[in-house]
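1. Sequence plus predicted model, see below.
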There are 2 protein chains.
Amino acid sequence: MKLEAAKAQFIQTWGSLATQWGINKTMAQIHALLLVTPDPISQEDLMEELSISRGSANMNIRELIDWGLVDRVIIPGERKEFFLAEKDIWKVFRQIVKERKKRELEPLLKVLQQLQAVEGDKKNREAKAFTDTIENIQKFVGQADKSLDSLVKADESWFWGNLIKLIK
Amino acid sequence: MKLEAAKAQFIQTWGSLATQWGINKTMAQIHALLLVTPDPISQEDLMEELSISRGSANMNIRELIDWGLVDRVIIPGERKEFFLAEKDIWKVFRQIVKERKKRELEPLLKVLQQLQAVEGDKKNREAKAFTDTIENIQKFVGQADKSLDSLVKADESWFWGNLIKLIK
DNA sequence: TAAATCTTTCAATAACTATTGAAAGATTAG
DNA sequence: CTAATCTTTCAATAGTTATTGAAAGATTTA
């Protein structure tokens, strides 16, 4: 397989994967291209290589920077900005976990806490089922939140090493 | 907070959470309602409670059954079908992990393997960066795949217990 | 300061995804 | 067998999300 074809397939695979996870396809494709390119790329070049518009490129690059997955890079002598992705997948993963945790898990925990305050007629079958399920979910999410917190701080080889021991 | 209001908020929260994860909102809302309801519910009642059409209800219930999160239940003496959700969140989580692993991780692994076969001019900076990143991702995904395999088989209290030890 | 170059915005539009509901298909009861 | 009840399908439609590109805004250079 030729390099260009392989790149194209990777970009397309990464994009459709992202779609299934509620992530903008173009954003993922820009990320994919940056992941497999050693040097910083300009917005102009990203637009060209992925056949996307100026607006879309700008917006999605910004989003990637927001997520902490891509950095702006200044190249001496160049007027325009260049972009470079973090290549270490463990770091990428940690960063995504960190962001999703902050954006989703923590707000969810707050809602679940509020929902515990439902007027509890303990004899009511309906009310009991509700509070039971919410409590169950709350414990689960709380536990996951704590665990992911540690994961975010963890070193890769250490993490996998121990995880393998744990689950074997 | 009244039970009905709490239910409504849970259903709405679950639905918008799902949207962020590339999951159909209505499907998640049906799931949410079934999660907090102790007894099986008919399609008619789901339609009523969530204000959704016959077609949508039918399709999304089927999808939930496909995912292994909801069961069809026959109630003696009743003509129509009823539906019941698995309430144990650990089981729900395991089932989702199992399905997504099968649907997404495994196909991704296959693609990554193919991409390793890129024509490798080792002196070419571009080619080197590509194969390095792909290899990196492949190792990561392979490791995750194995780990999730074990998670799917794991018992909840055992899993959390050990995980806590691991990450402390 | 003015011109050139680059970045950002945003309203219009396109692309995609989900929902509806009527009709056809099944199944059960009598 | 026929009617009644329940389930599934699917083309039309609505709703949502993403993209475009021209124009405005910034920044740098000379």
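-> Alright, I've got the coordinates. Everything numeric in this text was worked out from a predicted model, so none of it was measured.

2. Look at residue A:37 and give its secondary structure.
-> coil (DSSP: H, G, I helix; E, B strand; the rest coil).

3. no wait, residue A:152
-> The assignment at residue A:152 comes out as helix when based on three-state DSSP.

4. Report how many residues lie close to the closest residue to it other than its chain neighbours.
-> For residue A:152, the nearest residue in space outside its immediate sequence neighbours is residue A:98; the separation is 4.9 Å by Cβ to Cβ, 6 or more residues apart in numbering or on different chains. C-beta here means a position set from N, CA and C on the backbone, and glycine is covered the same way. Other residues lying near residue A:98 total 17 when counted by other Cβ atoms under 10 Å in any protein chain shown.

5. packing partners for whichever strand or helix holds residue A:17?
-> Under the criterion of DSSP states H and E, residue A:17 resides in helix A:3-20. In terms of contacts (3 or more Cβ pairs under 8 Å, 6 or more residues apart in numbering or on different chains; DSSP states H and E), helix A:3-20 is packed against helix A:25-35, helix B:106-116, helix B:125-153.

6. Of the ones you listed, give the one that comes closest to DNA strand D.
-> Comparing the helices and strands packed on helix A:3-20 against DNA strand D with Cβ to the nearest atom of the strand, the closest turns out to be helix A:25-35 (3.2 Å).

7. in the closest one, what's buried?
-> In terms of neighbour count (16 or more other Cβ atoms under 10 Å in any protein chain shown), helix A:25-35 has its buried residues at A:26-35.

8. just these that are near DNA strand D?
-> Filtering the buried residues of helix A:25-35 for neighbours of DNA strand D using Cβ under 7 Å from any atom of the strand leaves A:26-27.

9. So which of the buried residues of helix A:25-35 is the closest to DNA strand C?
-> Using Cβ to the nearest atom of the strand, residue A:26 is the member of these that lies nearest DNA strand C, at 10.7 Å.

10. residues in contact with that closest one?
-> A:15, A:50, A:52, A:56, A:60 (Cβ atoms under 8 Å, 6 or more residues apart in numbering or on different chains).

11. Columns distance to residue A:119 on top of the buried residues of helix A:25-35, output as CSV?
-> Rendered in CSV, the data for the buried residues of helix A:25-35 read as follows (distance: Cβ to Cβ, whole Å):
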residue, distance to residue A:119
A:26, 47
A:27, 43
A:28, 44
A:29, 49
A:30, 49
A:31, 47
A:32, 50
A:33, 54
A:34, 52
A:35, 51
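
12. and which of the buried residues of helix A:25-35 is nearest residue B:72?
-> Here the nearest of these to residue B:72, counting by Cβ to Cβ, is residue A:28; it sits at 36.4 Å.

13. Please list all residues in contact with the nearest residue to that closest one once chain neighbours are set aside.
-> With sequence-adjacent residues excluded and distances taken as Cβ to Cβ, 6+ apart, residue A:28 is closest to residue A:18, at 3.3 Å. The contact partners of residue A:18, by Cβ under 8 Å, 6+ apart, come to A:24-25, A:27-28.

14. Nothing else from me, thank you.
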